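**Q** Pasting a predicted model and its sequence here:
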Amino acid sequence: MSNENIVWHDHHVTKEERAAIKTQKPCILWFTGLSGSGKSTVANAVESRLLALKKHTYLLDGDNIRMGLNRGLTFSDEDRVENIRRIGEVSKLFVDAGTIVLTAFISPFQKERDAVRALVEKDEFIEIFIDTPIAVCESRDPKGLYEKARKGEIPNFTGISSPYEAPAEAEIHVKTEDQTIAESAEQVIGYLKEKGYINAG
C-alpha cells in the first residue's frame, strides 16, 4: 500500500563506498532448484570459499527465513510469491550494504525470480540453477517430504503437486549429478572471478 507521507531517504555513505572497503562487487547469488537438489549445500560451500577469500557475505536459507521474517506464510502459490518478494527486498538491502548475499530457496516461479532481478542494478543478480533430477532429489529426501507429498499429505509440493519453472537463461547452470559439491562451489567461484565480483586468490 502506498503512502504519500513516506519518502525515500538517501544515505550519506553510498553502496559503492561500502563495497570499496570490502574489495568486492556486491551481488545476489540466487540459488534455485527443487527440494533436495543441493541448493543449501552448494550455497554453504560457496560461502565458505568466499570467507576463505576474506569476502563479506551472508546466506539466507529457506527454512531459517520461515522461522522468523516469513513465519506464518504457507506454501500456497500466493504465499510463495510473498515469501520471495520479502526475500528479494532483504537481499537488496544486503547488496546496498556492499555484501555478497547468497539465497537458497526453491523459488519455483520465473516471474518472481525476475521480479527480484528487477529490484537491483544490472549484473547484481546472478541466477544459479541447481539442476538435479527429481529422482535424485527424492532419493536424498532427508526429511521424507517427497514421500509425504506423493501420499497427498503435503499440498502444493514443488515438482509433485505444484510446478517448478526451470530457469531458461541462468547465469550459472550447476549439474550436481556430474560433479562434487566442491566442484560445484568452484564453478560459482570461477564465475565470480571471471566477471570481476571478486579478485583475490
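**A** Good, I have the coordinates. Numbers count the residues shown, from 1 in each chain.
**Q** Now for the chain, the helix or strand with the poorest mean pLDDT.
**A** The helix or strand of the chain with the poorest confidence is helix 62-66; it has a mean of 84 (mean pLDDT, DSSP states H and E).
**Q** For that one, name the packing helices and strands.
**A** helix 77-96 (3 or more CB pairs under 8 Å, 6 or more residues apart in numbering; DSSP states H and E). Using the backbone N, CA and C atoms, a C-beta is placed for each residue, glycine as well.
**Q** if we look at the least confident helix or strand of the chain, which residues are touching it?
**A** Helix 62-66 has contacts (CB atoms under 8 Å, 6 or more residues apart in numbering) with Lys39, Ser40, Leu73, Asn83, Ile87, Ala104, Phe105, Ile106.
**Q** Next, the buried residues of that helix.
**A** Across helix 62-66, burial judged by 16 or more other CB atoms under 10 Å covers Gly62, Ile65, Arg66.
**Q** Now tell me what touches stretch 186-201 from outside.
**A** With contact meaning CB under 8 Å, 6+ apart, stretch 186-201 is reached by 23-25, 27, 29, 42, 46, 49-50, 52-55, 100, 123, 126, 128, 171-172, 174, 179.
**Q** one step back: let me have the buried residues of helix 62-66 in a markdown table, extended by distance to Arg150.
**A** Converted to a markdown table, the buried residues of helix 62-66 look like this (distance: CB to CB, whole Å):
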| residue | distance to Arg150 |
| --- | --- |
| Gly62 | 21 |
| Ile65 | 26 |
| Arg66 | 22 |
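**Q** Kindly indicate which of the residues you listed lies nearest Pro155.
**A** Relative to Pro155, the closest of these is Arg66; by CB to CB it sits at 16.1 Å.
**Q** so how far is Asp131 from that closest one?
**A** Distance, Arg66 to Asp131, by CB to CB, to the nearest Å: 24 Å.
**Q** picking up where we left off before, among the contacts of helix 62-66, which are located in strands?
**A** Ala104 (DSSP state E).
**Q** and of the contacts of helix 62-66, the nearest to Lys143?
**A** Ser40 (12.2 Å).
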